[in-house]
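K.L.:
I need the structure of the sequence given here:
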Amino acid sequence: MKTKIIIILALLLNVFSVNAQEVKIKKADKNYEQFAYVDAIKTYEKVAEKGHKSVELFQKLANAYYFQSKLEDANKWYTELFAMNQEVEPEYYFRYAQTLKSVGDYKKADQMMEKFYQKSGNDNRTKIGKTQKDYLAEIKKNSGRYQIKNAGINSEFSDYGTAFYKDELVFASARDTGSISSKKHSWTNQSYTNLYGAKVTDNGNFESPKKFSKSVSSKYHESTPVFTQDGNTMYFTRNNFNNGKKGRDSERTILLKLYKATKEGDKWTNVTELPFNSNEYSVAHPALSPDEKTLYFASNMPGTIGGDQSDIFKVNINADGSYGTPENLGDKINTEGRETFPYVTDNNELYFASDGHPGLGGLDVFVTQLKDDGSVGSIKNVGEPVNSNMDDFAFLIDTKTKNGFVSSNRKEDNLGYDDIYKFTEILPIPKDCEQLLTGIVVDDDSQEPIAYAKVILYDATENKLKELTSDAEGKYDFGTVECDIKLKIRAEKPTYNTNEISVSIPKESGTTDSKVALELTEKPLQIGDPLNEALNIDIIYFDLDKSNIRPDAAVELAKVLEVMKEYPTMKIDVRSHTDCRQTAKYNEALSDRRAKSTIAWLIKNGIATDRLTGRGYGESQLVNDCGCEPTNDSPCSEEQHQKNRRSEFIIKSL
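P.N.:
Got it, this is the predicted structure:
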């Protein structure tokens, strides 16, 4: 009896323990869903330490660290997740690969990315990754071009996202953490960020940072400003909070928006949100084009390739101060991962951070050239030491002094969380190799130009790049294209058959000329033309030493029959031939029998005798070098000899 009581009590204690675990997990799940990752992590880890294991637990615990950019901590729990050998969504292979890079295990990271490629279907990261198998070697080529050190303005809390403003460097900081009145952000358990400014001293260092503007500050996040060249207008990121009111999305989350402020005297005023903001998606991290007519930003608005991740967008700033419609920069830049923190130099170079393009781990900084025609150049990873195996973002450079700043949560020389690093560019990233791709569309027979044909340019994976129309002289010009790639050009024109050619672009700069030849769908018939060439009818062939009509020849003769019915006045001359074997006299007689056999088939099927003439030419008109004279012996194969045993049809009158 006593033993039974002990067993029952043990079972009850186990039930209570399981119930308690479930209560804790539900509480942690609620924190996770509300982005309170710090609180969620505390509970999840306590549950995991007590031996509880599940795919969902490890996914959420790893994600909570991943979304805070604590990649090494995330790696621990993604490792536990994959150790369970359970089926997971493809995205987890991608995230695991990123965290493996953060701990320096690039070999295993590449293995996880290969599995991601296999499972992710048409994901843009897969297309890019498959063409950049040697990405580490390419990154190495671009590395060593900067000298970098901690900027000396950082706190033990998060500091990031710099902008030049007169003699100051303006940035976002959570250094208010610790203040009794400061409001904590549940995502990071730090204060919401405010804008700070640090004046540059004569020796190039900084004075102690001070809050940049009380009139701009709110009790939520302000970050990543950009200023017009006259210093009178500022665009910046803020939580969805304006005039003392906060806005939430349908899930009660306060997202990010872009705001504009103008300078009046010494005060920033007229804080207004931009019209393409929304309560249902985030818009953040503004950047201006050199002429200040285009605003670039990061957003997960509708049309984002990354879904709930962010893409880089641009929008026109009109002369009257209004804005155009935001436009996604396209899948050459944007992926299903994160593309964020754009910055445009006065040379029209776009720097941005991405974890979707192959990199060293976490967010890496990439650069591309923004071209006048709206296209972009190749996407280049700027390499070490600007990039590390952690998050590196918010790149900023003065192209005249070659000095700049980047934000990172790397381990080296870091005071805590994100820090701002100062760098000097020693060597620029090599310019894109550029090829001009031009060409002409011509008639396949006459080689004369075909005016106003539609010409379409595709990449090697059939993605449409450009479409234009050939000019009055049949010429087309696709402008500049990347070097060392394969492209396809397709030309179309009514009454012509569509044709496509492949073009290999060289590795060095220059011009690639191309030619697309189009055949008429229906070629005009002319006296003297071989009927088979004019109407794409195959030549009819005979067996060795035979003159009977084979089944395959009957199929082609039926086509000749239909043409002669369509053109009732057409007359043709049947010319038959042999291979070289046997004597010339024998072959002449054999070919004559073949001509008569061919004519007889057409007459039998309804063609008048007076419309047909013919004769045999023996072995006198071989189509290849398979002659036998004077020995009657030839090294040619049976297939080569077969090409000579034929009947042809020549138009005599129409």
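K.L.:
these two touch, right, Asp552 and Tyr541?
P.N.:
Yes - contact criterion CB atoms under 8 Å: Asp552 and Tyr541 qualify, at 7.4 Å. All C-beta spots, glycine's among them, are computed from the backbone N, C-alpha and C.
K.L.:
more neighbours, those two?
P.N.:
Just comparing Asp552 and Tyr541: by other CB atoms under 10 Å the higher neighbour count belongs to Tyr541, 16 against 11.
K.L.:
list the contacts of that one.
P.N.:
Contacts here follow CB atoms under 8 Å, 6 or more residues apart in numbering; on that basis Tyr541 touches Arg550, Asp552, Ala553, Gln642, Lys643, Arg645, Arg646.
K.L.:
which phi and psi does the closest residue to the third one other than its chain neighbours have?
P.N.:
Closest residue in space to Ala553, ignoring its immediate chain neighbours: Ile540 at 3.7 Å, by CB to CB, 6 or more residues apart in numbering. Ile540 adopts backbone torsions of phi -90, psi 140, taken as degrees, to the nearest 10.
K.L.:
next, the contact list for Ile540, please.
P.N.:
Ile549, Arg550, Asp552, Ala553, Glu556, Leu557, Thr598, Arg646, Ser647.
K.L.:
next structured bit after the helix or strand containing Lys585?
P.N.:
Here Lys585 sits within helix 584-604, counting by DSSP states H and E. Note on helix 584-604: by DSSP H and E, the next helix or strand toward the C-terminus is strand 612-616.
K.L.:
re earlier: show me what the helix holding Lys585 is packed up against.
P.N.:
helix 551-566, strand 571-576, strand 612-616, strand 646-653 (3 or more CB pairs under 8 Å, 6 or more residues apart in numbering; DSSP states H and E).
K.L.:
just name the most buried of those.
P.N.:
Of all those, strand 571-576 carries the top mean neighbour count, a mean of 22, counting by mean count of other CB atoms under 10 Å.
K.L.:
mind listing what Glu327 touches?
P.N.:
Here Glu327 is in contact with Phe313, Lys314, Val315 (CB under 8 Å, 6+ apart).
K.L.:
need the helix or strand of the protein with the lowest average pLDDT.
P.N.:
strand 245-246 (a mean of 49; mean pLDDT, DSSP states H and E).
K.L.:
mind telling me the two of the contacts of Ile540 farthest from one another?
P.N.:
Asp552 and Thr598 (13.7 Å; CB to CB).
K.L.:
quick one, helices of the stretch 51-200 of the chain?
P.N.:
Along the stretch 51-200 of the chain, counting by DSSP state H, counting those that start in this stretch, helices occupy 55-66, 71-83, 90-102, 106-119, 124-130, 135-142.
K.L.:
point out the most buried one among the ones you listed.
P.N.:
Most buried of the helices of the stretch 51-200 of the chain by mean neighbour count (mean count of other CB under 10 Å) is helix 90-102; its value is a mean of 23.
K.L.:
who's in contact with that helix?
P.N.:
Under CB under 8 Å, 6+ apart, the answer for helix 90-102 is 59, 62-63, 66, 71-72, 74-75, 78-79, 81-82, 106, 108-110, 112-113, 115-116, 119-120, 123, 125, 337, 355, 359-362, 389-390.
K.L.:
can I get it in CSV, CA atoms only?
P.N.:
Provided in CSV are the C-alpha atoms of helix 90-102 (Å, rounded to 0.1, in the frame of the first residue of the first chain):
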residue,chain,number,x,y,z
PRO,A,90,14.0,26.0,-45.3
GLU,A,91,14.5,29.4,-43.6
TYR,A,92,16.0,27.6,-40.6
TYR,A,93,18.8,26.2,-42.7
PHE,A,94,19.6,29.8,-43.8
ARG,A,95,19.5,31.2,-40.3
TYR,A,96,21.6,28.3,-39.0
ALA,A,97,24.2,29.0,-41.7
GLN,A,98,24.4,32.6,-40.7
THR,A,99,25.0,31.8,-37.0
LEU,A,100,27.6,29.1,-38.0
LYS,A,101,29.5,31.9,-39.8
SER,A,102,29.4,33.9,-36.6
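K.L.:
how far off centre is that helix?
P.N.:
Offset of helix 90-102 from its chain centre (CA atoms, centre = their mean, to the nearest Å): 19 Å.
K.L.:
okay, angle between it and helix 71-83 too, please.
P.N.:
Orientation check (axes from the mean of the first three to the mean of the last three CA atoms, to 10 degrees): helix 90-102 against helix 71-83 gives 130 degrees.
K.L.:
let me see the mean pLDDT of helix 90-102.
P.N.:
Per-residue pLDDT over helix 90-102 has a mean of 90.
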